[in-house]
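> model this:
(chains A and B)
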Protein chains: 2
Amino acid sequence: MPHPDLTLPSLPRWEFPTDLDTPQVVVDVDRLDRNVAAMAGALAARGVALRPHAKTHKSVEVARRQLAAGAAGITVATVGEAEVFAAAGVDDLFVAYPVWAAGAKAERLRRLAGRVRRLRVGADSPEGARLLGAALAGTAAEVLVEVDSGGARTGVADPAAAAAVADAAAGAGLPVVGVFTHGGHSYAAPGAGAAAADGEVRALDAAARALAAAGHPVEVRSAGSTPTALLSARDGVTEERPGTYVFGDRQQVRLGAHPPEDVALVVVTTVVSVSGGRAVLDAGAKTLAKDLPATVEGYGLLPAYPAATITRLYDHHAVVEPGDGPLPRLGEVLAVVPNHVCPVVNLATELVAVSSGRTVGRWPVDARARSG
Amino acid sequence: MPHPDLTLPSLPRWEFPTDLDTPQVVVDVDRLDRNVAAMAGALAARGVALRPHAKTHKSVEVARRQLAAGAAGITVATVGEAEVFAAAGVDDLFVAYPVWAAGAKAERLRRLAGRVRRLRVGADSPEGARLLGAALAGTAAEVLVEVDSGGARTGVADPAAAAAVADAAAGAGLPVVGVFTHGGHSYAAPGAGAAAADGEVRALDAAARALAAAGHPVEVRSAGSTPTALLSARDGVTEERPGTYVFGDRQQVRLGAHPPEDVALVVVTTVVSVSGGRAVLDAGAKTLAKDLPATVEGYGLLPAYPAATITRLYDHHAVVEPGDGPLPRLGEVLAVVPNHVCPVVNLATELVAVSSGRTVGRWPVDARARSG
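This is a model prediction of the structure:
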């Protein structure tokens, strides 16, 4: 069986500065800007708002580029991420997560609500909604009810449960402005995005109708995942929240959800050891993360060695086996396209921004490790 | 088939402060101190030096406790980690990694050698050793040759190759003081430690003899992994480099290499969503990491729900299925014992130190994200 990467269009070899101290996360600014513009343009053409998920990049610089290209605001996963972007002046934030607003988290949420123009927070249980109300009533904060559209993660299971959450939020003094979902089952296999997008549209529609019938007019129907973003931007969906599109990664390319030539982020690494028919890179699990989607083989793609597989990943070692191709050479500096880009960025302190192979900036990963 | 955790002695329920803002990494200082003392005492009784691997904890506070208990110095995986500990006053460091000393890394190594009393660096190729010589000749730095003892990762494959690396280092002006290995295949299964430890002893002995025959007297034979640390501390081995023993984790307990009652680190997390027979925790892959050793099932252990399994792990969601036991309750605050503790610490900004369930300190993860 051929290595699965050989069944894809080749990824272009990466150009990067030769003086990098590896391992290092490198972003091609030109490709990044193309990705930012393409998603913004495609959603604008459909009349659907773009609220990109910043958990992918955690970077104020990248968020500014997204907002400059027309994003309506940004999405985050945690209160900690929201605090970082709010401090940087981003004033329209959606925490797309069923935040459990107890203790210190409640106080942080309330402070956050006081410093931004718009703060939206997710809820998927009446209990969670009441806690949000206790923390946020009297501020400008608004609630969106999370709906499960088939991913079987968070989100209420049916429209009646959505209405119950909305009732609880409103009863606790918080305005309910809409519903949201994440069609994460789009990641299951190439082509799964279409059915997942249908699921998003249907689940949002059913929940929105239930909320309206219960007296909560719905202005926002928010969907989102990179594979579904363009597929569910229709039929009443008002907003999309893709994140990974900004860089792309090996999984997105495999799913057909990102153009191979516009993968905008790689890990640059050095071959530190060659022995016994294997090569070892200085980018391990603390750099590449151990995400291993069912759609790929090994812990990252080497565009310069498409037949090779990263078969084992330790904290600071990636073991490369060459397959039918040549073995990387000792001392060689190589690009690795990560399987899943989000955890990789979260492990880095900065992104080295390059254009045409030259360093043009170093962007801090501002919201790194803000997981709560 | 019973859940594998049910075949283990129960892990004690954890006590932790009730006011934690989750997710949070919590260290029980009393258990930590017991682990530190037990390893130091057991190796001292064997007349073998302890040089603990600091990549597990990345914490100056924990390193100080290890040194106070008798550690000879500390081990690190990267130049970046060494820089952090050197700046904190740790003056005897071993970078147990075949560092490729090109470009900026060479300059950093040379500065580092100028600020500590002892700096040892690994090499496993003549080319790598020559680069180290170019960077470090004339400093107090010393080289240890890495030997593969069966883990098939880094390290030379045979004694003749070890001698060639030593020749290259000495020829480049660096003193060669010994050999080192990592019996990482001890992680394969419960009981694998004994054979891995035998492999460490034999590989170090053969390499040391080859070096001596080539005119490089060997004063250090350094072995190390938590499962093998006490098993290979014999027959000429002079030093052990365990790391994980300081906290323990689910994998070490499963391997029989750590006492269940002295697991000293957990992730404290909140149940944010319950629906469809599953519960979702606010500790995802950006907190728990995605290490999934073959010896365990799911992405961490819940001591309060030993029949439950974390079946799916997303960036900020852990999906728990209850198995034959009860389902965690919405809003419940729970401890998770991670599968592999090293990447978990690297994802945290601080460790909350507790004793008898009360917070007694907050320790920064000083060397977090210093992966190069």
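
> chain B contacts on the stretch 251-372 of chain A?
Residues of the stretch 251-372 of chain A found near chain B (C-beta under 8 Å from any C-beta of the partner chain) are A:270-276, A:278, A:280, A:282-287, A:289-292, A:312, A:314-317, A:319, A:330-331, A:342-343, A:346-349, A:368-369, A:371-372. Where C-beta positions appear, they are placed from N, C-alpha and C, glycine not excepted.

> pull out the buried members of those.
Among those, those buried by neighbour count (16 or more other C-beta atoms under 10 Å in any protein chain shown) are A:270-275, A:278, A:280, A:282-287, A:289-292, A:312, A:314-317, A:319, A:330, A:342-343, A:346-349, A:368-369, A:371-372.

> show only the entries of those residues found in strands.
Counted as lying in strands by DSSP state E, out of those, are A:Thr270, A:Val271, A:Val272, A:Ser273, A:Val274, A:Ser275, A:Arg278, A:Val280, A:Arg312, A:Val319.

> which one of those residues is nearest B:Thr56?
Closest approach between those and B:Thr56, by C-beta to C-beta: A:Arg312, at 19.3 Å.

> can you check the pLDDT for the nearest residue to the closest one once chain neighbours are set aside?
The shortest distance from A:Arg312 to any residue other than its chain neighbours is 4.1 Å, reached at A:Val319 (C-beta to C-beta, 6 or more residues apart in numbering or on different chains). Note for A:Val319: predicted pLDDT of 98.

> pretty sure A:Val319 is touching A:Ala308, no?
No: using C-beta atoms under 8 Å, A:Val319 makes no contact with A:Ala308, being 10.5 Å away.

> any figure for the gap between A:Ala42 and A:Pro242?
In this view, A:Ala42 and A:Pro242 are 10 Å apart by C-beta to C-beta, to the nearest Å.

> thinking again about what came up before, now for the ones in strands among the buried ones among the residues of the stretch 251-372 of chain A next to chain B: which two are most distant?
The most widely separated members of these, counting by C-beta to C-beta, are A:Thr270 and A:Arg312 (17.5 Å).

> strands paired with the helix or strand where A:Ser222 lies, and their directions?
Assigned by DSSP states H and E, A:Ser222 falls within strand A:220-223. According to DSSP bridges, strand A:220-223 has the following sheet partners: strand A:176-180 (parallel), strand A:239-240 (parallel).

> would you list those strands in CSV and tack on mean pLDDT and mean neighbour count?
CSV is the format used below for the strands paired with strand A:220-223 (pLDDT from 0 to 100; neighbours: other C-beta atoms under 10 Å in any protein chain shown):
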stretch, mean pLDDT, mean neighbour count
strand A:176-180, 98, 26
strand A:239-240, 98, 26
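
> dump the ones you listed into a markdown table; add distance to B:Ala229 as well.
Listed next are the strands paired with strand A:220-223 as a markdown table, based on distance: least, C-beta to C-beta, whole Å:
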| stretch | distance to B:Ala229 |
| --- | --- |
| strand A:176-180 | 50 |
| strand A:239-240 | 52 |
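
> so for A:Asn35, which of these sits nearest?
strand A:239-240 (14.2 Å).

> what does that closest one rub up against?
A:43, A:48-51, A:72, A:180, A:220-224, A:229-230, A:232-233 (C-beta atoms under 8 Å, 6 or more residues apart in numbering or on different chains).

> what's the ChimeraX line that selects buried ones from those residues?
Buried members of those, identified by 16+ other C-beta under 10 Å, are gathered into one ChimeraX selection as follows:
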select /A:43,48,49,50,51,72,180,220,221,222,223,224,229,230,232,233
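
> widest-spaced pair of the contacts of strand A:239-240?
Most distant of the contacts of strand A:239-240, by C-beta to C-beta, are A:Val220 and A:Leu230, 18.6 Å apart.

> any idea how far the residue nearest to A:Ala192 when sequence neighbours are not counted lies from A:Asp158?
The shortest distance from A:Ala192 to any non-neighbouring residue, by C-beta to C-beta, 6+ apart, is to A:Ser186 (5.3 Å). Distance from A:Ser186 to A:Asp158, counting by C-beta to C-beta: 21 Å.

> the more surrounded of the two?
The neighbour comparison of A:Ser186 against A:Asp158 (other C-beta atoms under 10 Å in any protein chain shown) goes to A:Ser186, with 28 against 15.

> helices of the stretch 1-150 of chain A, start to end?
Secondary structure of the stretch 1-150 of chain A (DSSP state H, counting those that start in this stretch): helices at A:29-45, A:60-68, A:79-87, A:103-113, A:126-136.

> does A:Val218 count as helix, strand or coil?
coil (DSSP: H, G, I helix; E, B strand; the rest coil).

> oops, could you answer that again for A:Ala210 instead?
helix.

> was I right to think it contacts A:Ala163?
Yes: here A:Ala210 reaches A:Ala163: they are 4.5 Å apart, a contact under C-beta under 8 Å.

> in the stretch 1-150 of chain A, where is pLDDT below threshold?
A:1-4, A:6-11 (pLDDT under 70).

> repeat that for 90
A:1-19 (pLDDT under 90).

> what's the answer for the stretch 201-350 of chain A, then?
Within the stretch 201-350 of chain A, the segments meeting pLDDT under 90 span A:295.

> which residue packs closest to A:Gln66, ignoring adjacent ones?
Here the residue nearest A:Gln66, using C-beta to C-beta, 6+ apart, is A:Pro52, at 4.9 Å.

> count the neighbours of that neighbour for me.
For A:Pro52, using other C-beta under 10 Å, the count is 32.

> contacts only, for it.
Counted by C-beta under 8 Å, 6+ apart, A:Pro52 has contacts A:Met39, A:Ala63, A:Gln66, A:Ala71, A:Ile74, A:Thr75, A:Arg241, A:Pro242, A:Gly243, A:Tyr245, A:Val246.

> could you dump those into TSV with distance to A:Gly325 added?
As requested, the contacts of A:Pro52 are exported to TSV (distance: C-beta to C-beta, whole Å):
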residue	distance to A:Gly325
A:Met39	34
A:Ala63	39
A:Gln66	37
A:Ala71	41
A:Ile74	41
A:Thr75	40
A:Arg241	39
A:Pro242	33
A:Gly243	33
A:Tyr245	30
A:Val246	30
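
> now, among those, which is nearest to chain B?
A:Gly243 (9.3 Å; C-beta to the nearest C-beta).

> the closest one touches A:Lys58, doesn't it?
No: A:Gly243 is not in contact with A:Lys58 according to C-beta under 8 Å; the separation is 10.2 Å.
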